[in-house]
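> I would like to see how this sequence folds:
(3 chains)
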Amino acid sequence: MRIWQGIFKKRSMRLGLLALAALTASGAADPAVAGENLADIARSVDLVWMLLGGFLVFWMQAGFALVESGFTRAKNAVNIIAKNLMDFALGCPFYFIIGYGLMFGADKLGLIGTSNFALNGVTDMWDIGFFFFQAMFAATAATIVSGAMAERTQFKAYLFYTVFISAFIYPVVGHWIWGGGWLAEKGFLDFAGSTVVHSVGGWAALTGAIFLGPRIGKYTPDGRSKAIPGHNIPLAALGVFILWFGWFGFNGGSTIAATNWNISLVLVTTTLAAAAGTCGALFYSWIRFGKPDIAMALNGALAGLVSITAPAYDVSAVSSLIIGLIGGVLVVAAVEFIDKVLHVDDPVGAVSVHAVCGVWGTIALGLFAESQYGNGVSGLFFGGGLSQLLVQLEGIIVVAVWTIAASAAVFTVAKYLIGLRASREEELKGLDITEHGQEAYAGFEIFSNE
Amino acid sequence: MRIWQGIFKKRSMRLGLLALAALTASGAADPAVAGENLADIARSVDLVWMLLGGFLVFWMQAGFALVESGFTRAKNAVNIIAKNLMDFALGCPFYFIIGYGLMFGADKLGLIGTSNFALNGVTDMWDIGFFFFQAMFAATAATIVSGAMAERTQFKAYLFYTVFISAFIYPVVGHWIWGGGWLAEKGFLDFAGSTVVHSVGGWAALTGAIFLGPRIGKYTPDGRSKAIPGHNIPLAALGVFILWFGWFGFNGGSTIAATNWNISLVLVTTTLAAAAGTCGALFYSWIRFGKPDIAMALNGALAGLVSITAPAYDVSAVSSLIIGLIGGVLVVAAVEFIDKVLHVDDPVGAVSVHAVCGVWGTIALGLFAESQYGNGVSGLFFGGGLSQLLVQLEGIIVVAVWTIAASAAVFTVAKYLIGLRASREEELKGLDITEHGQEAYAGFEIFSNE
Amino acid sequence: MRIWQGIFKKRSMRLGLLALAALTASGAADPAVAGENLADIARSVDLVWMLLGGFLVFWMQAGFALVESGFTRAKNAVNIIAKNLMDFALGCPFYFIIGYGLMFGADKLGLIGTSNFALNGVTDMWDIGFFFFQAMFAATAATIVSGAMAERTQFKAYLFYTVFISAFIYPVVGHWIWGGGWLAEKGFLDFAGSTVVHSVGGWAALTGAIFLGPRIGKYTPDGRSKAIPGHNIPLAALGVFILWFGWFGFNGGSTIAATNWNISLVLVTTTLAAAAGTCGALFYSWIRFGKPDIAMALNGALAGLVSITAPAYDVSAVSSLIIGLIGGVLVVAAVEFIDKVLHVDDPVGAVSVHAVCGVWGTIALGLFAESQYGNGVSGLFFGGGLSQLLVQLEGIIVVAVWTIAASAAVFTVAKYLIGLRASREEELKGLDITEHGQEAYAGFEIFSNE
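Just a heads-up that it's a prediction; the model follows:
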């Protein structure tokens, strides 16, 4: 009978009946359809909110693709988009088959889940919706890496890596913090994933960029860094707008319930932090370099968003302005430090945005969390206390060590098994032609800006 | 009193009252406002879900515009976007005035609806929301056609055609299957429109491409097919991300109810099929052509989505992976077959994606549908049975015959009344300049890649 | 306890409990979590709807950025996007600190609000969500201005201006009409902001364009207007699709309640008006100029949307077609009049779209509003009556006078304090290089089309 429902409902419209009436009438004994009671309707509202959150987090994939493509050269635009597409297309099935079970499956030691692989045994439609939401988060962690490794990584090696981060590296951290593992038991807090998602992505990105070494021509023999400008700033800017929009689902959806009215506060802190991050990066770059740098301002928006991801639920609106502003300044300083001091070539600033601001956001929760926000969101208090701050620091360090170690292991295997870096000739010609036999902009006159 | 409501509510915020309280107080006797009862609140949740679905399906219009524009040449980019814009802008009013009544109006013979034109007599706000949702679906069927007819169709002729598909060809099929017509009575199942929307669009696209003949230079005198690469792959990729995102509304919204918790399953099967379709097309093209073809991978995502559109509600998550994977392989094979064997010039692969995978998805429902998914979504069963499969095949054939015949009739009239194909000179110069007097990329140096 | 909730809920999933059950159990005494009663669940549904509306209105920021960038030259693409980014990033915090209090704070004289600055004293989560929604509207008003002032305004001066419109000029109008001020008391109606948002933006845009004077080369010495074509029509088209999509939140969300089922009607009138506006502009430009002008058709879509913003809630579906169609014709006529007769250089047509159609929409509400739509949305009545029409006209005039006067004051200060217009050399070279030291499309061969 249930397989007839789709059509039945559509037909019922024609007959002038309420679809709802049809549903509740037939649905009384159907566990997949809300019954005539308050808890079921509330659950439906929460489900809508969580699934909407999932839609928006999926949409962030497009944002990452455009940011990474726009901030790099035209000759690699197809390749970087391909990597963004495939880390979702490959990562999502692997998260389904393996990762989700490791992350949210049952365990006794707090180290790793060991059930629910391929949703085996999961029959409740709420839990299936929760998987949908979580799969989008896993994809976000994976996709951060491609930006730092842009313009010089072999396509095959990237596909190899992306399976491991989606199926194993990310889910293990996720289990420790969101799956009831040992860090959760210790009281580590990370509302929507400054550490779980962004730091994991950021540390893996750092590891990858170090393994690869800089792009040809990035550093002169005497050690000066040369700017390699991105080929399409409007595309990158659109990517940032997409990410900002998608973050409403990332942070807002992380209550996984709309009956939790704090979603209002979460959205306000998310918005204000992103705005303040943009301002912070713009004005700091203006002071530092003499001109308002728009690539920096765009990264500043992302910096604000990453920074507020952990504390969005637990800080006041005024605190969110401060957290975001610091994040925006921090990202400019970090980009310069990583490029000019560390000589690590991160073409899009992924490490600065996701690792550095991920750490900052996780600390900021310890500094700014307050229990009073419910009675006045505009106050500024330091409420978390020292013990909370120490737990936050412990989590940050452990996650960094784990992610760097595990990523380094995977990259090492990839290096010897497949080869990590594209050849010199491929890199100079561009990966679009050499890897895919395709041009991003057929017909356009483009100078290779090498 | 009601026309004051908008302002009243906004004002009530200032006074610190709940908008809700105001509404339910005044709304007890107002049929457009939910009362203080459970069924009304449940109806509101379902309305939110259905309307959100409509938003997302509208957004797919942007996706089609970008995919079709990105996969064709720069000299026709304005024209193809214009066609995508106008098939919505013209098609939607015509669907309102004529199509919706044909599709969902009352009838006795199961052939065609004959009431509710221009929403005449439709007063229930749920039904009006249902029209909104359905109008977006009608626009999707229409817009599929422009891609296959790209780069050589007269603008006027396309406008002429698009009125007929929105107002007549699509609604008739819609009535048969979703409007309670004869195929519905026979038990034909198509949850969100692999056949109703995508096959109709795909068959019409095939008919149009055949009527037009190939673009100048597409086939050499000795019958070899030459690739004509698209001018903007990042734009096309963004289009695919938009379509994927929009498909959450297309499939998810098709329950037209969030109190039906199977929406969770629908979203999981939709996501996994799209991911598997992408992988299928990427790896099959890699094996077949020696390089991972990203245009194919992007079409593979769409192939997976079209394939799961009919069965999304009725198959397990594991089945959705198989259905999507087959769709992804199928689209690569079909693109090659239609191009190299049939010598039909379909610049964006619309026929392969929408007709071929639309058929596959409709068959797949017959093969993989199971009544047990509620108790275990990770099992793989063949549940539909042979009789269901035969009904599915009958529907597929009848819809193909109807759409091809009706489209052929409209194109024939257009050919003699207006002229279907642009002149040789127009085609060589590009339709942007000749039809609209506008360039897509003023100032850019672009080689006509003829 | 509350700061543990995020993690608790995620953990509860693992244990197979309903998040909901956890919430309602612990939430009984928690004002931020819905209790086990109907009003609370209804409130949650309304909150989801309002916040979703806010998401979509935020997304319109991306639309404005792309439309304004696509319709202007490549050499200013970074700059115009920077302005769109920063009017949100700066405007939003200022609206938070000052504007919202002026708009929705308590007052006695109906002139201006004087409380709730920085959300001080605002503790109800509904009210905080309402701020989120309203902040997005404020950003829309601000961002309209940048288009009319494109390609010749100093970045600093624009930042200066944008603070004032977000913090002061817009909120004052908002208070008069939506904050319970004197125009609201008089019965002025503006459902979603044809006047409050779009006219305010449009009049400020006009003032700015007049203050600046035309771009170099726009008018020949003998007074003929020269077309300066936009550099990226696909980008601009995508911007229009984004705006249309976002408008579903702009108009649909303006009920701030999904328990008000008239949202269905609002979305239907919004869609049909936009479609009709597109058709009106396309066919009128076709007749007038001999070719179907796609830039005009795109502006026609926006014209239809602005026109229906005030009356969306109060007119029939058939009326919305007429209102949109007139808006579409009007925008083409207005663009020509402002350019060729007034010699005001508005590069993207912002004044025609937002001021002219904003006025038309506000009048249209007076002409077409009907109390009977609940019982038949397809009828066409003139229901508003003469007295309503006179109130509408009064509001239109007062808002125009206020906005022009206040904007002129701010631009005058900016002119003498900072300098409003870029230097001749900067304008010729392009603001991307001179203001930001960045190129939009590094590597592409682009001719400065001066």
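> Can you give me the buried ones in the helix or strand where residue A:281 lies?
Following DSSP states H and E, one finds residue A:281 within helix A:263-289. Of the residues in helix A:263-289, those with enough neighbours to count as buried (16 or more other C-beta atoms under 10 Å in any protein chain shown) are A:263-286. No exception for glycine: its C-beta is placed from N, CA and C like everyone else's.
> touching chain C at all, that helix?
Yes: interface with chain C: helix A:263-289 contributes A:263-265, A:267-268, A:271-272, A:274-276, A:278-279, A:282, A:289 (C-beta under 8 Å from any C-beta of the partner chain).
> With pLDDT and distance to residue C:161 added, can I get these in JSON lines?
Listed next are those as JSON lines, based on pLDDT from 0 to 100; distance: C-beta to C-beta, whole Å:
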{"residue": "A:263", "pLDDT": "96", "distance to residue C:161": "33"}
{"residue": "A:264", "pLDDT": "96", "distance to residue C:161": "30"}
{"residue": "A:265", "pLDDT": "95", "distance to residue C:161": "31"}
{"residue": "A:267", "pLDDT": "98", "distance to residue C:161": "27"}
{"residue": "A:268", "pLDDT": "98", "distance to residue C:161": "25"}
{"residue": "A:271", "pLDDT": "98", "distance to residue C:161": "22"}
{"residue": "A:272", "pLDDT": "98", "distance to residue C:161": "21"}
{"residue": "A:274", "pLDDT": "98", "distance to residue C:161": "22"}
{"residue": "A:275", "pLDDT": "98", "distance to residue C:161": "17"}
{"residue": "A:276", "pLDDT": "98", "distance to residue C:161": "20"}
{"residue": "A:278", "pLDDT": "98", "distance to residue C:161": "18"}
{"residue": "A:279", "pLDDT": "98", "distance to residue C:161": "16"}
{"residue": "A:282", "pLDDT": "98", "distance to residue C:161": "16"}
{"residue": "A:289", "pLDDT": "95", "distance to residue C:161": "24"}
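> Which one of the residues you listed is nearest to residue B:387?
Checking those against residue B:387 by C-beta to C-beta gives residue A:263 as the nearest, at 47.7 Å.
> How about the contacts made by the closest one?
With contacts taken as C-beta atoms under 8 Å, 6 or more residues apart in numbering or on different chains, residue A:263 has the following neighbours: A:49, A:252, A:255, C:47, C:51, C:125, C:129.
> Then residue A:208?
Contact analysis of residue A:208 by C-beta under 8 Å, 6+ apart lists A:145, A:148-149, A:153, A:161, A:407, A:411.
> Between which two of those residues is the distance greatest?
Spatial extent of these (C-beta to C-beta) is set by the pair A:153 and A:407 at 13.3 Å.
> if you count what's nearby, which of the two comes out ahead?
In this comparison of residue A:153 against residue A:407, neighbours counted by other C-beta atoms under 10 Å in any protein chain shown, the higher total goes to residue A:153 at 30 against 24.
> who's in contact with that one?
Applying C-beta under 8 Å, 6+ apart, one finds that residue A:153 lies in contact with A:83, A:146, A:208, A:212, A:420-422.
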